[in-house]
Structures are given as structure tokens and as C-alpha cells.
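*Asks:* Predicted model, plus sequence, below.
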Amino acid sequence: MRKRLIVSAASALSLFLAVPASASDFQPGAAGVGDSYYPTYGNGGYNVSHYDIRLKYQPATDELEGTTTILATATQDLSRFNLDFALNVAEVRVNGRPAAFTTSGEQELEVTPARPLAKGSQATVVVRYKGVPSTVKKYGFTAWLRTPDGAVAAGEPESAWWWFPSNDHPSDKATFDVSVLVPDGNQVISNGILTGTSSQAGWTRYSWRENKPQATYLATLAVGKFDVTTDTTPGGLPVYNAYSKDLGDNADAARASVERTGELVDWLSGYFGDYPFSSVGGYVPNVPTGFALETQTRVFYSPRQFSRGANTSVVVHELAHQWYGDSVSLSRWSDIWLNEGFARYSQFLWSEHENEGTAQELADYVYASHPADDAFWTVKPGDPGADNQFSGAVYDRGAVAIQALRNTVGDEAFFRILKGWPTERRYGNATIPEFQAYAEKVSGKKLGDLFTTWLFTAAKPATGPVAPGAAAAASLAPGAGQTDGQLPAEPKSWKKIQETNSLHDAGH
Ligand SMILES: [Zn+2]
């Protein structure tokens, strides 16, 4: 009797251990990826490798119907996981089986698969949905922009929620296929290469493919009537640009800027290394907003960027992001300087190239034009806070910080860093401390004090970005090394650079 009991207990125990994992080991994935600036953005417990977004869109009514298929890998034993999404969901399937789902918070879609997902397993998630995106407000706004002839999805950090469900955080990048059915006579613009079009029964399907990892906020979509130009750069890179047919007085200035994309991407390659993607271009839809956005391979420009004439400086800024932001992406939003500091600095380099003011002159001008008690200096570019993520200081002080780095390590090491970083970290994610470690490795210099002073201190640095040799002859180098000197002359490029300052003001 006693023996039997022991045997039974042992059998029960071994049976228990033979189960791969008990149900209690499977936990829900977190509702956010853990970003301190945006606690609910992205999700925990899985990584996405691919989005297949298949839509039908009616411009007349803004009605959008979609099926998005997500290929993901569980990074923990998952009983449930979240997606970020704003439209009405009709059905979710996980690995072919209907899944239970509900919504919570502003943009959380909670999915409970019929069978839990073991850590390391692959999941195919299919979400069917529809809605009128322009009417769906989250946190009081919609990033879905209506135009007279269609609509545009572009915004940072939020834009995906209104057209596809996702793990909406730049730390989880994926490849994309975007295929959209629109009434004949309309066109669809998205990222990457247009792989095909087909028409049937009054509707035309446009299929786009981005075959390199892309952050969700860098996915873009536009439906409307466009004049399209295509070309290849001297290096053989396909160029695809599109302009709304109703840009009016801004049409020529937009073309005079965006048509130089091929030339400018080649020029930037000299500083940043080989262009990381398989196509390039921009589009200018007739939206009422003022910003531009570095949507991957296909930059979004508001017509207002060209309302004072052509602006190649904004094109340089957005193309610089293809390396700094798109290919090498943020691990967390607090490191936005890695995007905006370098995109602004590329405008300084373009100014220098155009003989409209050197990078040093621009840095001196920024330093001198903000007195010590200016609120400008209270923003730390290296950790500006969510509310100041896109404030002018992240761009301008951020670029001055890069000039200070250049002066500290010298031109030879500086330009090796500028090109080596996006080459070494291509298609990945990164943080400011990782960049600092890289710059220290390349230059052989300790840079902690420099980064603290320029990126992480809420005060005006005691001295400006001193040019080599300028300290000894400060009186001969206006601005350099001064605390409150006379304001140097405004560099010729300054106004065009400042016109790009509403870049990421998504209008909310
Ligand atoms: Zn930017």
C-alpha cells in the first residue's frame, strides 16, 4: 500500500515534468515595449520579422478595409500578446486558428491565441479590419491626413495605428509588403520598390515592397493623383518621386528640390558610406501640414516646405536620416539626437558645400544667438523628454554638439566616425552610449565630458564649440570660445535650415 502510493506519486511527478511547460508558465506579453517616453508604445513578448499589408481604400469616403499578416517570433512563453492599432477589428487568427481579442487603453489590441505560443516559436497573425481613419482620434488626434484627392499616413512617432496593426516601436524593425486596391485613376505611393500594378473591374492594385528592415513609423502610404518621375542615379539606384497634381504655386519649387534627390543621396554617400536601401525618392502630397518626414526610401514632404521657393536643405536632412534613423534606428525614443542631431549636421555640411556658411560658422552662430538664460539651453538633446523630443534644441544644439565632437577628435577621426557608424550598425538599432563608445574607439579619446556638457546638461556650455587653434586666437574667431560675444553674422544658409524646423511637428 505504502509502496503503491510512492510509485503513484513518482508517476504523477514525472508526468507533470513531461509536460513541456505548465499553463502557468505562459504569461501575457507586456502592453508596452518598455520605452520611458511612451510606456504603451510597442509591446512585449515577441518580435516581428515581416508585415504583409493588404488594403482596399476608397478616397471619396475615406473607407479603408484591410488584412495584415504579421510574421512574429515569441520571445517568451506567451498566453496573450498585444498589437498597437486604432481601427475596428473584425477577426484575428493566430497560426490559422481564430483568436480571441479585445481592446484596451488608447491603441492596444489584446490577442489571446487558441493555443499559447512557446518561447522561440513562430507565429503567423492575421488581422482583418476596417474603418474611416480620419475620424479615429487617439490621444486627441489622427495621423491620417486627408488630401483633396485621397489620404496620407505619415507621422512620428505615431502613424501606423491608422492603417495597420503592429508592434509600434523602432526597436522592432521588419520588412514590408504593402498592396493597396484603389479605384482606377488613383495611385498608391509607399516604401521601397513598386513591384507591380494590376487592374480589374474598375479597381487598380499597387504592390510595394521594402526588403530591408524598416521601423513602423517609417512605413508610409499615400493615395491620390500624382505626377510621377522615375530615374536611376549615376550609381544605378532607382529613383521614384511623386507630386500631387494640385500643388499650385508650390509645384515648381517642390520639383526643383525633390528632383535633386539622386544627386544629393550620392553626395551624402561620400560622408555616410554606401546608401543602405534599394530605392530612393520623395513625394509631395497636397496636405495642409508643414512638416517633412524621413519615411524609408520615400520621404514625405509637405508642400509648405517649398512655399518660399526650392529648399535642397530639407531634402538633405531627410536623406541623411536614411542612414541616421532609418538604417541605424533608435533603440529608445530618448536617443532622438542620434537621428536629428546628425540630420541637422548634414544640413551644415551642405551649407559648407554650397559656400553658404561653414559648419563651424553655423555652430558658432547657434551658440552665440541663444543667451545663457534662453530656455533653449534647458533642453538636453541627449534626453530631452517626450514633450521636447522634437524641440529646436534637439536639432540645433544637437548639431553644435557634433561640431564640438569634430573639433575634439579632429577631422580625420570625425569623418571616419561619421561614415563608420552607419556602416558598422547598418539595419540595426543603437543608443547614444553605444555611439559614444564607438567614437571613443575610433578616436582613441575619452569623450564623457564632451557628451555630458553638450547633450546631458540643462545649461549653456561655458565655451562654444571651439575650432582647433581658435582658443589661442579667440578674438580672431568671432563666436568661437566666447561666452557672450557679439553675435556673428548670420550664415547665408541659416534661413533655409530654419525653414525645416517644423519637420516633425505632426500637427498635434
Ligand atoms: Zn529629422
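*Replies:* Sure thing, it's come through.
*Asks:* doesn't residue 500 make contact with residue 308?
*Replies:* No - in this structure, residue 308 is not within contact of residue 500 by C-beta atoms under 8 Å, at 11.4 Å. Every C-beta, even on glycine, is put in place using the N, C-alpha and C of the backbone.
*Asks:* Low-confidence bits of the stretch 1-150 of the chain, can you list those?
*Replies:* Along the stretch 1-150 of the chain, segments meeting pLDDT under 70 span 1-23.
*Asks:* And the helices in it?
*Replies:* For the stretch 1-150 of the chain, applying DSSP state H, counting those that start in this stretch gives helices covering 2-18.
*Asks:* tell me the contacts of residue 132?
*Replies:* The contact partners of residue 132, taken as C-beta atoms under 8 Å, 6 or more residues apart in numbering, are 61, 62, 63, 64.
*Asks:* who wins for neighbours among those residues?
*Replies:* The most crowded member of these, judged by other C-beta atoms under 10 Å, is residue 64 (24 neighbours).
*Asks:* Which residue, other than its chain neighbours, is closest to that one?
*Replies:* residue 57 (5.0 Å; C-beta to C-beta, 6 or more residues apart in numbering).
*Asks:* Spit out the contact partners of that neighbour.
*Replies:* By C-beta under 8 Å, 6+ apart, the contact list for residue 57 reads 63, 64, 65, 150, 151, 180, 181, 182, 223.
*Asks:* Against the ion, how distant is residue 290?
*Replies:* From residue 290 over to the ion the distance is 13 Å, taken as C-beta to the ion, to the nearest Å.
*Asks:* cool, and residue 348?
*Replies:* Going from residue 348 to the ion by C-beta to the ion gives 14 Å.
*Asks:* quick one on the thing from earlier: between residue 308 and residue 500, which one's more packed in?
*Replies:* It is residue 500, of residue 308 and residue 500, that has more neighbours when counted by other C-beta under 10 Å, with 23 against 12.
*Asks:* Next one: the residue nearest to residue 500 when sequence neighbours are not counted, what pLDDT does it get?
*Replies:* In this structure, residue 500 finds its nearest non-sequential neighbour in residue 314, 4.3 Å apart by C-beta to C-beta, 6+ apart. As predicted, residue 314 sits at a pLDDT of 98.
*Asks:* and residue 314, which of the three is it?
*Replies:* Following DSSP: H, G, I helix; E, B strand; the rest coil, we place residue 314 in the helix state.
*Asks:* What count of nearby residues applies to it?
*Replies:* The number of residues packed near residue 314 is 27, by other C-beta under 10 Å.
*Asks:* swap in residue 75?
*Replies:* Applying other C-beta under 10 Å, we find 14 residues neighbouring residue 75.
*Asks:* What of residue 247?
*Replies:* 18.
*Asks:* Can you name the residues that contact it?
*Replies:* Contacts of residue 247 by C-beta under 8 Å, 6+ apart are 254, 284, 286, 303.
*Asks:* can you check residue 303 too?
*Replies:* Contacts for residue 303 (C-beta under 8 Å, 6+ apart) come out as 244, 247, 250, 254, 284, 286, 287.
*Asks:* Let me know the pLDDT of the second one.
*Replies:* The pLDDT attached to residue 247 in the predicted structure is 98.
*Asks:* cool, the last one as well?
*Replies:* Confidence per residue is given as pLDDT, and for residue 287 that number is 97.
*Asks:* Backbone dihedrals for it, both of them.
*Replies:* As for residue 287, its main-chain torsions (degrees, to the nearest 10) stand at phi -100, psi 150.
*Asks:* Give me the nearest residue to it, chain neighbours excluded.
*Replies:* residue 145 (4.7 Å).
*Asks:* tell me, how many neighbours does that neighbour end up with?
*Replies:* Counted by other C-beta under 10 Å, the residues lying close to residue 145 total 25.
*Asks:* Identify the residues contacting the residue of the stretch 301-450 of the chain at minimum distance from the ion.
*Replies:* Ranking the residues of the stretch 301-450 of the chain by distance to the ion (C-beta to the ion) places residue 343 first, at 4.2 Å. Residues near residue 343 by C-beta under 8 Å, 6+ apart: 294, 317, 318, 320, 321, 324, 325, 395.
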